[in-house]
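# With the input below, show me the fold.
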Amino acid sequence: MNFASVLSSRAAGPILGLALLAVPAAAQAPQQSPCAPYEIIAASLNERYHEAPVARMLADQGFVIEVLASADGATFTVLGVQPNGTACLLATGSGFAFVNAAATPAPGTGA
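Purely as a prediction, here's the structure:
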């Protein structure tokens, strides 16, 4: 499987995403996860789905997790970006929305 085939078949995204999330990105073999230079993936997602980065986190394992989403929330993509600039697709989906953490009580607080 390559990145282009995943982009052409977004329906496979949720299944692929669930399978990939079960295995840490750093431990995945290249043939299991569509990977390419970050610049190529980000440009392709922007061109095809109008997705742009909306969140970026540094994982304890030393790679960056980035969420890209379309402005209307219709689609999103989660990438794992290695220090060498290689990005791997972790998940794709639809219905992206920000959650207002201040408006939602934390679990177990009784609020």
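
# This structure: helices as residue ranges?
3-8, 13-21, 38-49 (DSSP state H).

# Least confident of the ones you listed, on average?
Lowest mean pLDDT of the helices of the chain: helix 13-21, a mean of 40.

# By mean pLDDT, which helix or strand of this protein comes out lowest?
One helix or strand of the chain scores below all others by mean pLDDT, DSSP states H and E: helix 13-21, with a mean of 40.

# residue contacts, Leu79?
Taking Cβ atoms under 8 Å, 6 or more residues apart in numbering, we find Leu79 in contact with Tyr38, Ile41, Ile65, Glu66, Val67, Leu68, Ala87, Cys88, Leu89, Leu90. Glycine gets a C-beta too; all of them are placed from N, C-alpha and C.

# Any idea what it is bridged to?
Glu66, Leu89 (DSSP bridges).
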